[in-house]
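J.: Provided below for reference: sequence and predicted model.
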There are 4 protein chains.
Amino acid sequence: MASNHFGQIFRITTFGESHGPAIGVVIDGCPAGILLTKADIDTELSLRQPGGNPYTSPRSEKDEVDILSGVFESKTTGAPIALLIHNRDVDSSKYEPIKELLRPGHANFTYLEKYGIFDYRGGGRSSARETAARVAAGAVAKKLLAHYQIEVCAFVAAIGGIEIAEPNLSRLDTVRKKTFSSPIFCPDETAAKAMMAAIEKAKNEGDSLGGVLQGVAHLPPGLGDPVYCKLEALLAYAMLTLPATKGFEIGSGFAAARMKGSEHNDAFDIDDQGKVTTVTNFAGGTLGGISTGLPLTFRVAFKPTSSIQKPQKTVSTQGEQKEFLLPEGSRHDPCVAIRAVPIIEAMTALVLADALLMNRSAKV
Amino acid sequence: MASNHFGQIFRITTFGESHGPAIGVVIDGCPAGILLTKADIDTELSLRQPGGNPYTSPRSEKDEVDILSGVFESKTTGAPIALLIHNRDVDSSKYEPIKELLRPGHANFTYLEKYGIFDYRGGGRSSARETAARVAAGAVAKKLLAHYQIEVCAFVAAIGGIEIAEPNLSRLDTVRKKTFSSPIFCPDETAAKAMMAAIEKAKNEGDSLGGVLQGVAHLPPGLGDPVYCKLEALLAYAMLTLPATKGFEIGSGFAAARMKGSEHNDAFDIDDQGKVTTVTNFAGGTLGGISTGLPLTFRVAFKPTSSIQKPQKTVSTQGEQKEFLLPEGSRHDPCVAIRAVPIIEAMTALVLADALLMNRSAKV
Amino acid sequence: MASNHFGQIFRITTFGESHGPAIGVVIDGCPAGILLTKADIDTELSLRQPGGNPYTSPRSEKDEVDILSGVFESKTTGAPIALLIHNRDVDSSKYEPIKELLRPGHANFTYLEKYGIFDYRGGGRSSARETAARVAAGAVAKKLLAHYQIEVCAFVAAIGGIEIAEPNLSRLDTVRKKTFSSPIFCPDETAAKAMMAAIEKAKNEGDSLGGVLQGVAHLPPGLGDPVYCKLEALLAYAMLTLPATKGFEIGSGFAAARMKGSEHNDAFDIDDQGKVTTVTNFAGGTLGGISTGLPLTFRVAFKPTSSIQKPQKTVSTQGEQKEFLLPEGSRHDPCVAIRAVPIIEAMTALVLADALLMNRSAKV
Amino acid sequence: MASNHFGQIFRITTFGESHGPAIGVVIDGCPAGILLTKADIDTELSLRQPGGNPYTSPRSEKDEVDILSGVFESKTTGAPIALLIHNRDVDSSKYEPIKELLRPGHANFTYLEKYGIFDYRGGGRSSARETAARVAAGAVAKKLLAHYQIEVCAFVAAIGGIEIAEPNLSRLDTVRKKTFSSPIFCPDETAAKAMMAAIEKAKNEGDSLGGVLQGVAHLPPGLGDPVYCKLEALLAYAMLTLPATKGFEIGSGFAAARMKGSEHNDAFDIDDQGKVTTVTNFAGGTLGGISTGLPLTFRVAFKPTSSIQKPQKTVSTQGEQKEFLLPEGSRHDPCVAIRAVPIIEAMTALVLADALLMNRSAKV
């Protein structure tokens, strides 16, 4: 759990700043024998990239991975897998005029307090650019999970207060298909239409919107380790390491606080194949931090994008009161939640890959 | 982040089952030179104990700590601090009749799936009894934090849908006093009265209620480490390791998802002492995962107590459909959230103690 | 690798001081389903205890373990196993007169430099008493290893310059039997006789002797992880965490530095059962840090006991030059290496138990 | 302590294979504010490169580092520092003919046993090529140590049984200068001459030699953490993670096993400046695992290079008995110990940088 590491057995270390030469990740602990190609990773990276539509940032970040190590004859070897993504289309000059202003909703103030130095170009290490490295690592985790028929999926569940009707979670491939064919990664077409209208309106006002993402996984029972590696604890941790996240809930979540025990308890039953199941799934797929085998479902709250086109009150690093205005031509997502969909998938895959390997030591 | 460890520099390892001879914790990494007595810990433990009122469980768990190591002449020595709490008033016999039934909302099913064996007596390792060890460790963390004028505080913010009016967070000693003089750890007397009525009603119906707790801390700017040790990520992780938790949010939380950037961004300003501050605190005390110096505020959702007095549908470990009914004389809290108040304080103290020590390596 | 932790998946945390109420260890990560009784552990502890002979300390440390958690119906459950050993026969009063003198060869000077405080009673945390907790944990590790036919063994290889003739390493049960039937844990009776004479002589002169221990294990190929978890690196680390150790060598060790490649390289061959083997075993059982399947063999150097009955030059904590003389009636081993035999076994078992579990993630 | 990680607060993760596109390292936990340039690292890398003399390999490995992250305006920022070294002058074709033969003294057998797959090109991940990444990371650690006047140094102490006269260890800059002006990194010119003759002889016979390196550091008292982070334990671990190492000893080392307590105990005294010192330094600079402030001195044994020009007996991966002969034109060091000198320095610097930061949490 060190500062730039994530995971215990399937461990990643990410590095790189928004405007440096490259960002990347080293995966330590990926088992040998997994088929892995550059295309497996590039496919996932392409989902994270700003699309050719008005709902995401117009930056052109065509990301491609270089696999530097750990793969031989298209198979993982057990050696660390280093993945490099070069930064392109980078122009640091426009950050010059605002480098001495604290940016509302951004991290330059706290980095300066902590480190006494801040790479202000594009947000430096605090930039969401770092998440591309997670998506690359997540692509590898997904390949491992696929061996064991574990599937993950995420989608937009709400934007600007507009909520979707929850899709049928029994077939994740279908949900995923619908999600990634939507310009805003939302599987409910009706809701998506309303969301897009709201986004356009906010954008025209120089403003931004928040949103909620939902994550789902199909997995066997027994994953997750008590007490301090409960599956929901690792997921909450994983999600809150993402920029702009403000909350996490599993299953019934905050609604559980308004329920009674007799409503909330998921009664155990036997399913058609004679396996133990529960009638409802308010738990969201875990009990005591260990997976039940029912769908793992959780939601993550995102704040509205902090970079907006309106003037804002702020102070300078010298302590003078100033007005903050984004430089002309700045390019930002009107709703950061949207592009986080593949990132939530990646983080879920990383948590589950690790839980899968940790579980190998559960029994003698 | 191993299964029974928590923290990186200020690290704890807890052990023990509900009906074993004792539970305990080893703290590794506590700096030398802190004044520490048994009374410091027993005081905190007493807050976690079931009270003499109808709103918590009637069990008699008068907990007292044995300090086994790490303290010499009332000061910490830098050696690991082992704390032992004996289990008393334990009667395992009443778990016999239900040991082969899956308990709705409980972990026996998943433990059996994972380990092939389950200490069913009082929930074994999955019991909330384990949290007493966290409170003991948290008492030590608080002593460390007190050296640096860092304060933590938690209270009941909602039960059964009844919400409090948020207290003034500028003086945590006052909030804490109000909280712990309330039988249900709620600083808002009016709301508390309504909550107590709701609890009594649920209890009479053999049912239980969920709730929301709020945590607050006063701390300097600069604590928390990007990227994977963001303060809110560590807090979310810490809170979701607690039994019965379903969600975590920092600052604006899930409400942020319905806000606009122009509303949500906290404008920077200069305060009376010439220090940087923000006009609002939707962020909840962090930016980029690092503390701003403003109050750290977060909320945790608890499900209603799973142990209820009503019959429930379930299956046996042999796969037969059965009815589950709690044994006569079972003693459970009608709302587990209440007794979690000192536990939330303890977990917050543990996160901050660790962040404080990690921060010592931020600069050369 | 935190200060009082050892291991990664099979992790231990030890605690306790020489003259505190108890010492102990928490094992986190032991798989469920291992048969484990108090007797399994007490048997190992008895080997570490000072014997009824003149070659070890006359202290009476009849150690017995309390299993506080992690075992249910004589089987490990996957929960942390806490083991407690009470300190008995403790008399701190005789440390009073020397508490302000730096003890040659001891740690009070460095602890004071580091922590500003030192529990001087019996050496506090720096006492070899801590190794009893390792032996207890090692007993559990051995039970795990036994499931997989992995055996460990250690013995005295040299004392005061007297070297043994290496026993036949093909049957470790035989070597172990010979070792533990010797009063000085030496499987070579002839050498043992000479060693005992040397020890008596040193003791009569108020002096002490150093020694070398050898460790051996039978294990399958494939254990140990490159690059920073090489088996020999973990063993070297494990052994040098023991008090009084000055060196570690695997296989040919320091002698390798005087050999030629053509002598040292172990030629590969096929054995009677058609399995790959090597003609010689200068490597000592690993290549590239991973076990070859041949016997793992290593040696550990111990300095002579620092506590001697002769007057020594020293200074006080106030910086005055003084003479150091052990208090009347002080009880110390004339050669600490001897009692380290079961400790070396325990540390080897801990390293291999961890390597065994880590290896479960090597392949998909 | 995961497989490709080293260190706890100042942590490195290395990656890369001998014949892949690049090797590298990510440093996580380096404090902000250290001046760091590419030249600082390239200087250290140049020391590790094969020289223009007959005593090291004739490969042309002109290594240069790319700093990918963590440095802004020539200062470390607290963000992870990723360092990349491209592999050049790589020709994998000559490994083709021997790819199905187990190489005596090499790791292909054990990697195949463990992972079921092996990147045989140049030894893949098991190649000593990986140590270039350690040297790069060590260069950064040295910059941190230099802030605190901590110096490290290593040199050849013995080759083929020829031992040096130990240099005066009071001025490490002088020792270092002598060492790096010697073609075989040996500060004793007379011994060096004899060693070079021995190397030439072995080389002409198609053979190789082993050696011993000595490491030394000047550091303040108080570094190193009991019990499982003793300075000598971390050093032993660090050194045995290096390819071809067979042993480690601190201070008196294995010679201690032949000494008496009255000889070995270092008497405490007061030095000219009124500071506590010891008359001798058999301890090698630590007591109880914590530095005393006296020079830290240790020795590391290296086996003779496994790649020799003589035919050797071996078996194929299919289990047939074969003769192993290095391909024509293979380039190897006749004595690997020599080029390990800057690597030992780097590993020592990494251990001490970590110990320095860990020590910041020793006291309140």
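T.: Yep, that arrived.
J.: Enumerate the residues of the stretch 1-150 of chain A near chain C.
T.: Contacts of the stretch 1-150 of chain A with chain C, taken as Cβ under 8 Å from any Cβ of the partner chain, map to A:Ile9, A:Phe10, A:Gly29, A:Pro31, A:Ala32, A:Gly33, A:Ile34, A:Thr76, A:Gly78, A:Ala79, A:Leu144, A:His147. Yep, even glycine has a C-beta here, placed from its N, CA and C like the rest.
J.: Got the confidence number for the fifth one?
T.: The predicted local distance difference test score for A:Ala32 is 98.
J.: Repeat that for A:Pro311.
T.: 95.
J.: what about it, distance to B:Asn265?
T.: Using Cβ to Cβ, to the nearest Å, one gets 11 Å for the distance from A:Pro311 to B:Asn265.
J.: got it, and A:Thr286?
T.: Counting by Cβ to Cβ, the gap from A:Thr286 to B:Asn265 is 35 Å.
J.: same deal with A:Gly29?
T.: 39 Å.
J.: now swap in A:Ser74 and tell me
T.: For A:Ser74, the distance to B:Asn265 - Cβ to Cβ - is 47 Å.
J.: got it, and A:Ile23?
T.: Taken as Cβ to Cβ, the span from A:Ile23 to B:Asn265 is 26 Å.
J.: ok, back up a step: show me which of A:Thr286 and B:Asn265 is the more surrounded one.
T.: More neighbours surround B:Asn265 than the other of A:Thr286 and B:Asn265, with 30 against 24 (other Cβ atoms under 10 Å in any protein chain shown).
J.: Settle this for me: the more buried one is touching A:Ile308, isn't it.
T.: Yes: under the criterion of Cβ atoms under 8 Å, B:Asn265 makes contact with A:Ile308 at 7.1 Å.
J.: show me where chain A has helices.
T.: A:38-48, A:108-115, A:131-146, A:172-181, A:189-204, A:231-240, A:261-264, A:336-339, A:341-358 (DSSP state H).
J.: Go through the fifth one and flag the buried ones.
T.: I take that to be helix A:189-204. If you call a residue buried by 16 or more other Cβ atoms under 10 Å in any protein chain shown, then helix A:189-204 has these buried ones: A:Ala191, A:Ala192, A:Ala194, A:Met195, A:Met196, A:Ala198, A:Ile199, A:Ala202, A:Lys203.
J.: rewinding a little: out of the residues of the stretch 1-150 of chain A next to chain C, which is most surrounded?
T.: A:Ala79 (31 neighbours).
J.: which residues sit in contact with that one?
T.: A:Ser69, A:Gly70, C:Pro226, D:Asn4, D:Phe15, D:Glu17, D:Asp119, D:Gly124, D:Arg125 (Cβ atoms under 8 Å, 6 or more residues apart in numbering or on different chains).
J.: Quick check: the fourth one touching D:Phe15?
T.: So that's D:Asn4. Yes: if you go by Cβ under 8 Å, D:Asn4 and D:Phe15 touch, sitting 6.6 Å apart.
J.: got any residues that touch both of these two?
T.: By Cβ under 8 Å, 6+ apart, the residues touching both D:Asn4 and D:Phe15 are A:Val26, A:Asp28, A:Ala79, A:Pro80.
J.: residue contacts, the last one?
T.: When contacts are counted by Cβ under 8 Å, 6+ apart, A:Pro80 is found next to A:Val26, A:Ile27, A:Asp28, A:Ser69, A:Gly70, D:Ser3, D:Asn4, D:Thr13, D:Thr14, D:Phe15, D:Gly16, D:Arg125.
J.: nearest to D:Ala346, of the residues you listed?
T.: D:Thr14 (11.3 Å; Cβ to Cβ).
J.: what's the closest non-adjacent residue to that closest one?
T.: Excluding the flanking residues, the one nearest D:Thr14 by Cβ to Cβ, 6 or more residues apart in numbering or on different chains is D:Ala133, at 4.2 Å.
J.: ok, now how distant is the residue in the stretch 101-250 of chain A positioned nearest to chain B from A:Gln312?
T.: Residue of the stretch 101-250 of chain A nearest chain B, by Cβ to the nearest Cβ: A:Ala107 (2.5 Å). Applying Cβ to Cβ, the value for A:Ala107 to A:Gln312 is 16 Å.
J.: Comparing the two, which residue is more hemmed in?
T.: A:Ala107 (26 against 21).
J.: I figured the more buried one was touching B:Pro226, is that so?
T.: Yes: with contact taken as Cβ under 8 Å, A:Ala107 and B:Pro226 are classed as touching, separated by 7.5 Å.
J.: A:Ala202 reaches A:Gly161, doesn't it?
T.: No: using Cβ under 8 Å, A:Ala202 is not in contact with A:Gly161; the gap is 11.6 Å.
J.: how about the strands in the stretch 151-300 of chain A?
T.: A:151-159, A:162-163, A:211-218, A:245-250, A:268-270, A:276-278, A:286-287, A:290-291, A:296-302 (DSSP state E, counting those that start in this stretch).
J.: winner for burial among the ones you listed?
T.: strand A:245-250 (a mean of 30; mean count of other Cβ atoms under 10 Å in any protein chain shown).
J.: neighbours around A:Ala165, how many?
T.: 8.
J.: residue contacts, it?
T.: A:Asp188, A:Thr190, A:Ala191.
J.: now A:Lys94
T.: Counted by Cβ under 8 Å, 6+ apart, A:Lys94 has contacts A:Pro327, A:Glu328, A:Gly329, A:Ser330.
J.: so who does the second one touch?
T.: Right, A:Glu328. Here A:Glu328 is in contact with A:Lys94 (Cβ under 8 Å, 6+ apart).
J.: One more: the one 10 residues further on?
T.: With contacts taken as Cβ under 8 Å, 6+ apart, A:Ile338 has the following neighbours: A:Tyr55, A:Thr56, A:Val156, A:Ile159, A:Ile184, A:Phe185, A:Gly211.
J.: give me that answer again for 10 Å
T.: A:50-51, A:53, A:55-57, A:156, A:159, A:182-186, A:195, A:199, A:209, A:211, A:213, A:302 (Cβ atoms under 10 Å, 6 or more residues apart in numbering or on different chains).
J.: Closest one to C:Met347 out of the contacts of A:Ala165, please.
T.: Nearest member of the contacts of A:Ala165 to C:Met347, counting by Cβ to Cβ, is A:Asp188, at 58.9 Å.
J.: Next up, phi/psi of the closest one, please.
T.: In terms of degrees, to the nearest 10, the main-chain angles of A:Asp188 are phi -100, psi 110.
J.: Which residues of the stretch 201-350 of chain A lie near chain D?
T.: Nowhere does the stretch 201-350 of chain A come near chain D, counting by Cβ under 10 Å from any Cβ of the partner chain.
J.: one step back: look up the residues that both of B:Asn265 and A:Ile308 are in contact with.
T.: The contact lists of B:Asn265 and A:Ile308 share A:Pro104, A:Gly105, A:Ser208, A:Phe324, where a contact means Cβ under 10 Å, 6+ apart.
J.: biggest separation within those residues, which pair?
T.: Taking Cβ to Cβ, no two of the shared contacts of B:Asn265 and A:Ile308 sit farther apart than A:Ser208 and A:Phe324, at 14.7 Å.
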